[in-house]
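Pasting the sequence and the predicted coordinates here, then a few questions.
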4 protein chains.
Amino acid sequence: MSPPSPPPGKRRTDPERRQRIIDVTLEVVAQHGVAGATHRRIAAAADVPLGSMTYHFAGMDELLALAFTQLAQKASAEFRAGLDRVETREEAIAAVVDIIAGDVWAQPATLLLSYELYAFAARNPDLQAVMRGWMAASRQALGRWFDPLTARALDALVEGIGIHNSIDREPLDRAAIEEIVRRVAT
Amino acid sequence: MSPPSPPPGKRRTDPERRQRIIDVTLEVVAQHGVAGATHRRIAAAADVPLGSMTYHFAGMDELLALAFTQLAQKASAEFRAGLDRVETREEAIAAVVDIIAGDVWAQPATLLLSYELYAFAARNPDLQAVMRGWMAASRQALGRWFDPLTARALDALVEGIGIHNSIDREPLDRAAIEEIVRRVAT
Amino acid sequence: MSPPSPPPGKRRTDPERRQRIIDVTLEVVAQHGVAGATHRRIAAAADVPLGSMTYHFAGMDELLALAFTQLAQKASAEFRAGLDRVETREEAIAAVVDIIAGDVWAQPATLLLSYELYAFAARNPDLQAVMRGWMAASRQALGRWFDPLTARALDALVEGIGIHNSIDREPLDRAAIEEIVRRVAT
Amino acid sequence: MSPPSPPPGKRRTDPERRQRIIDVTLEVVAQHGVAGATHRRIAAAADVPLGSMTYHFAGMDELLALAFTQLAQKASAEFRAGLDRVETREEAIAAVVDIIAGDVWAQPATLLLSYELYAFAARNPDLQAVMRGWMAASRQALGRWFDPLTARALDALVEGIGIHNSIDREPLDRAAIEEIVRRVAT
DNA sequence: GATGAATGAGGGTTCATTCAT
DNA sequence: GATGAATGAACCCTCATTCAT
């Protein structure tokens, strides 16, 4: 059995189109918020005809759900990638510090998207499942080096320090972050 | 017998009106998100004519800013209230655990509002100032019992565990939270 | 019998108020057009409470009618003043040239008001009477020196050249105007 | 039998729609003034959904500008048409008298529109260019038979007598108009 | 007499969505 | 399959006007 692919026949420049719309959706949300993410704006940003929006996606909700899901999965993958390549507990601690202080979550756009994601997920059961999966994956990755409670604590720390650093005018530096991480990791 | 109340639909004196609109705004945001917080919806929920919206507030942005500011200030006040009445460091630790595990942030609506608040604040300089004030107040309250770095770490922990507990199907219990708090608080 | 004055008792800073509103109305119309002449804008420009608007005048239509009537009467008076002081036919011709080339109608604001006035008068019988009175007065003033047909022709010329000069990038100079006036005045 | 027309309220193909809206706009302006020309009123008069207004035109200003531009161009074309078909100077004079006394500008609606046009143009640079073009075309048409100064004077006369005749209870008759035109045309 | 608070009607505009092509 | 034209619901906001004071 072949995977469920679009029926063969007259496929044009399609395949990337759908994905590009999803990617652009996140950009638009980052810039204008969920409230400002309209079909028109996304279509314009993706350089796609307006009709494509409702043709490819049932509605904004579905599109947002898809976009946020991909965001969560990508973030989760990056999180695990950072931890999977380490060999010792010391390196694992360093990896956690990297994640908190690193470029990924330090980017204002990414953090902004996470706020929008949380708010959206709170009203969307599908996204809640995605987020629980994300959390579970993070804890599993941490679980290689830390006991379950510590893993959860570290995961929460990543979240909390990330948010506060984005608001704070003087974010915590690497040394301070490491100090805290070490306290939590016994 | 209750005092003679003005016939509904024709009351001209309603001093708390303005404040009620602000309160209702938060309820509507909690229920429908910032994206779904429209003048009409809020007016209906507050049982107020539509014209009152732009009469009392320059626009949705101002109204949201006011509502979120009050939310932040109320949350900040509750945070400090929990810490200001303690007399020992042990009690302070218990208070932090209370805050994390307690009713305030455990309410889904409150957490949801905080996501919306973060997203909104990221695009609104006034709210950023409010949030920095909130963070500063929290750290000051914690500063009575903990050194600055620990205070920041605990504050981040409150944030992170709160968020994760709201997503998690099996939130951390008091004992687990206390264990983590004690690790951070040396 | 005394003239119909407001009943004595508690008169404050009233008398000029009403007239000032009328004057300011013309300024607002000149700046924003009849379409943009709102109670609020006029009240703000006249530094008068909004409630004064509907207190002193039955509605915008009445206020506009009053304002335009005063404008017409003032313009008419100036027109006659220019002609009444002349002693010879030659001076009368010079006066007509003065009116056309002069400062009064050359001011963009004044001409703009006349357009608005014409448009308004076309839909307001009272103003039509005012304008007919204005025309009659002009012709009467001209009638001292010119036969009826010539008077009407000169009056039309004042109108037509005035308008065209306001549109034209190179308005007719005094000499050209005088040449035309002399042709019409036999 | 008439051809099968689409059921009302559900027609999707209406190529002249845009132009009809422009035409109807002038009718609405003639009836209610620029101040009373609203999207809703025009849409109703043109039997067109409200959404069509801002779909076809960027805003009321653009719509008014288009409508007035077409009015000016049509008036200009008629003016020239009257003069272009004459063969002698005598006929040219007769043509000018026709224009002044004729049906075009004698219609109250047309004159009313010209007032609104002048007022609108005074606040709209694009329309000023249109009006200057109109004036230039008129003078060029007159220029075939009259020297430049006379051409301008006759043009102004058309304007002035037209306006005054519309206000006057006893408009000038053809003979009187001809007498004045002849004076101006040397 | 005079006014500031309040309102509901109506303003322009944006939007997701539909549908003929 | 894909799209551009079109729509009507809903948006935020301004307005003249009312009314208790």
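Yep, it's here. Residues are numbered from 1 along each chain as shown, chains lettered A, B, ... in the order given.

and the closest residue to residue A:38 other than its chain neighbours, how far is that from chain D?
The shortest distance from residue A:38 to any non-neighbouring residue, by Cβ to Cβ, 6 or more residues apart in numbering or on different chains, is to residue A:60 (7.7 Å). In this view, the C-beta of every residue, glycine as well, is placed from N, C-alpha and C. Distance, residue A:60 to chain D, using Cβ to the nearest Cβ, to the nearest Å: 19 Å.

Contact partners for residue A:60?
By Cβ atoms under 8 Å, 6 or more residues apart in numbering or on different chains, the contact list for residue A:60 reads A:37-39.

can you put those residues in JSON lines and add pLDDT?
As requested, the contacts of residue A:60 are exported to JSON lines (pLDDT from 0 to 100):
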{"residue": "A:37", "pLDDT": "96"}
{"residue": "A:38", "pLDDT": "96"}
{"residue": "A:39", "pLDDT": "97"}
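
between those residues, which has the most around it?
Most neighbours among those, by other Cβ atoms under 10 Å in any protein chain shown: residue A:37, with 24 neighbours.

tell me the pLDDT at residue A:76?
Confidence at residue A:76, expressed as pLDDT, is 92.

And it, which helix or strand is it part of?
Using DSSP states H and E, residue A:76 falls within helix A:60-84.

circling back to that earlier point, and of the contacts of residue A:60, the nearest to residue A:91?
Nearest to residue A:91 among the contacts of residue A:60: residue A:37, at 39.4 Å, using Cβ to Cβ.

for chain A, which spans come out with low pLDDT?
A:1-14, A:103-106 (pLDDT under 70).

Quick one: name the residues of it near chain C.
Taking Cβ under 8 Å from any Cβ of the partner chain, no part of chain A reaches chain C.

what domains does the record give for chain A?
A:12-57, A:64-184 (automatic domain parsing).

So which of those domains is the most surrounded?
The highest mean neighbour count among the domains of chain A, using mean count of other Cβ atoms under 10 Å in any protein chain shown, belongs to domain A:64-184: a mean of 18.

Quick one: end-to-end distance for it.
End-to-end distance of domain A:64-184 (Cα to Cα, to the nearest Å): 35 Å.

quick revisit: take the contacts of residue A:60 and keep only those in strands.
Of the positions in the contacts of residue A:60, not one sits in strands, assigned by DSSP state E.

And for the helix or strand hosting residue A:29, what's in contact with it?
Element membership of residue A:29 [criterion: DSSP H and E] is helix A:14-32. With contacts defined as Cβ under 8 Å, 6+ apart, helix A:14-32 is touched by A:6, A:36-37, A:41-43, A:45-46, A:48, A:52-53, A:56-57, A:63-64, A:66-68, A:70-71, A:109, A:112-113, A:116.

ok, back up a step: which member of the contacts of residue A:60 is positioned nearest residue C:79?
Nearest to residue C:79 among the contacts of residue A:60, with distances taken as Cβ to Cβ, is residue A:38, at 58.0 Å.

How about the residues of chain A by DNA strand E?
Applying Cβ under 7 Å from any atom of the strand, we find that chain A lies next to DNA strand E at A:37-41, A:50-51, A:53-54, A:59-60.

what about residue A:172, which SS state?
Secondary structure, DSSP: H, G, I helix; E, B strand; the rest coil: residue A:172 is coil.

And it, its phi and psi?
The phi and psi torsions at residue A:172 (degrees, to the nearest 10) take the values phi -60, psi 140.

same deal with the one 3 residues further on?
Taking degrees, to the nearest 10, you get phi -60, psi -40 for the backbone angles of residue A:175.

residues touching it, list them.
No contacts exist for residue A:175 under Cβ under 8 Å, 6+ apart.
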